[in-house]
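Participant: using only what follows, build the 3D model:
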Amino acid sequence: MNHATRYWSRGDAQRVRCDVCPRQCRLRDGQRGLCFVRANHGGAIVLTTWGRSSGYCIDPIEKKPLYHFLPGSPVLSFGTAGCNLACRFCQNWDISKARAMDVLMDCATPEVIARAAQDLGCASVAYTYNDPTVFLEYAIDVAAACHERGIKSVAVTSGYICAEPRREFFRHIDAANVDLKAFTDTFYRKLTGARLAPVLETLEYLRHETGVWLELTTLLIPGHNDGDAELDAMTRWVVDHLGVEVPMHFSAFHPDWRMRDVPPTPLATLTRARRIALGNGVRHAYTGNVYDPEGTATCCHRCGELLIGREGYRVTDWQLTPAGACTKCGTVCAGVFAARPGNWGSRRQPIHLAD
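Facilitator: Numbers count the residues shown, from 1 in each chain. This next block holds a predicted model:
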């Protein structure tokens, strides 16, 4: 259904401008933006995917990835269609690059989603698979319904969003994993069709002006964003501008979408990136999309004690006090922790919701 939106302005006599993301598409009546889901309908920008989803699934929270936010807990995940970036390496391209509404299989109101999350024992709901920036109004409505039932909200996003909608959106979000896709504007322009600076602005806003728990993910693509100099600059910037407590995840690329000629990321690249991050002061750096128990373990930054052991998405060890401190030395680990970890494990459980 078409749903009214707030973040748009008059471009000229014939066009209106979408002001949700820095792309600021200028659209004539009947045109859709690059995201394909925000459109000019009768001289106003509408969201065409409110209440519609590409599917729902219960995931481990670690899959988002969030390692310091309610470890072991189940999260009800969903997305819609479309995206405001044009990543050539997109690994959810069948959803985010969709140009047909028939990918939207399920319809559910925010109240239905919130009730399902509560009934299924989910600690949170995640806006993921495609970027919630493009379905901002729907995500906000779902988050509000979830908070009424004590369910938290998680955003998995590129952070490519304008300042005013950013403030409204993140007022409703409890945790976010932001894709810091690279640390050069050249990479962003050539491989995503976006720019780096707005993403960095979002990261600084989240860290310093909100209470949102923040973690970062960088998909390392061989020959494109995995050089020592870039990783050194990126991780130094994180420490200087966001602080040492923001976890970083370095994930393995696999050939997909329009970069099928690029080889998969070797484990050695991920461990090298993790080593650089730790060496520059990042307290918690992880490897992802590979089997690497050492690279997915959370250790005390003071005494080195294993705090949270993981195998895949499953929590295998837990050495945190109910207050989230190391049981050996008492140092608090940054994050949002329950008194005990969840036991959802690595299960992925697709579900069907309908009004």
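
Participant: ok, residues contacting the longest strand belonging to the chain?
Facilitator: Counting residues, the longest strand in the chain under DSSP state E turns out to be strand 213-220. Residues outside strand 213-220 that contact it (Cβ atoms under 8 Å, 6 or more residues apart in numbering): 65-69, 89, 91, 174-182, 203, 206-207, 225-226, 234, 238, 242, 246-253, 265, 269-270, 273, 288, 335-336. For the C-beta atoms, the positions are set from N, CA and C on the backbone; glycine is no exception.

Participant: return the distance of the spatially most central residue of the chain relative to I61.
Facilitator: Geometric centre of the chain, nearest residue: V156, 1.7 Å, by Cα atoms, centre = their mean. Look at V156 and I61: by Cβ to Cβ, to the nearest Å, they are 11 Å apart.

Participant: give me the common contacts of the two.
Facilitator: A126.

Participant: which residues in the chain form helices?
Facilitator: 93-96, 110-119, 136-148, 163-170, 185-187, 197-209, 228-241, 267-279 (DSSP state H).

Participant: counting neighbours, what do you get for the closest residue in space to S158 that isn't next to it in sequence?
Facilitator: Nearest-residue entry for S158: D179, 4.9 Å, with adjacent residues in sequence omitted and distances by Cβ to Cβ, 6 or more residues apart in numbering. Using other Cβ atoms under 10 Å, D179 has 21 neighbouring residues.

Participant: for D179, give me the pLDDT.
Facilitator: pLDDT, D179: 98.

Participant: does it touch G159 like I think?
Facilitator: Yes: between D179 and G159 a contact is recorded at 7.2 Å, counting by Cβ atoms under 8 Å.

Participant: how far away is A44 from A13?
Facilitator: Applying Cβ to Cβ, the value for A44 to A13 is 15 Å.

Participant: just P110 next, same as before
Facilitator: Distance, P110 to A13, by Cβ to Cβ: 36 Å.

Participant: looking at those two, which is more packed in?
Facilitator: P110 (20 against 5).

Participant: so that one sits right up against H147, yeah?
Facilitator: No: contact criterion Cβ under 8 Å: P110 and H147 do not qualify, at 10.6 Å.

Participant: for C107, which residues make a bridge with it?
Facilitator: R52, A354 (DSSP bridges).

Participant: domain ranges for this protein?
Facilitator: 3-47, 52-351 (automatic domain parsing).

Participant: re earlier: okay if I get the helices of the chain as TSV plus distance to C21 and mean pLDDT?
Facilitator: Listed next are the helices of the chain as TSV, based on distance: least, Cβ to Cβ, whole Å; pLDDT from 0 to 100:
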stretch	distance to C21	mean pLDDT
helix 93-96	14	60
helix 110-119	22	97
helix 136-148	9	98
helix 163-170	8	98
helix 185-187	16	98
helix 197-209	8	98
helix 228-241	22	98
helix 267-279	28	98
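
Participant: residue contacts, L120?
Facilitator: 58, 74, 76, 351.

Participant: what does Q319 give?
Facilitator: 305-308, 326-328.

Participant: from P198, how far out is F78?
Facilitator: 25 Å.

Participant: what's around D29, how many residues?
Facilitator: 13.

Participant: surely it is in contact with A44?
Facilitator: No: when contacts are counted by Cβ under 8 Å, D29 is not listed as touching A44 (9.6 Å).

Participant: contacting residues around the closest residue to C146 other than its chain neighbours?
Facilitator: Once flanking residues are discounted, C146 sits nearest to A114: 4.5 Å by Cβ to Cβ, 6+ apart. Residues counted as contacts of A114 (Cβ under 8 Å, 6+ apart) are 125, 142, 145-146, 148-149, 151.

Participant: can you tell me which of these is closest to P341?
Facilitator: Taking Cβ to Cβ as the measure, P341 lies nearest I151 of these, at 18.2 Å.

Participant: correct me, but that closest one touches A126?
Facilitator: No: if you go by Cβ under 8 Å, I151 and A126 don't touch, sitting 10.9 Å apart.

Participant: low pLDDT regions in the stretch 251-355 of the chain?
Facilitator: Within the stretch 251-355 of the chain, the stretches with pLDDT under 70 are 354-355.

Participant: check contacts around T321.
Facilitator: T321 neighbours (Cβ under 8 Å, 6+ apart): 327, 330.
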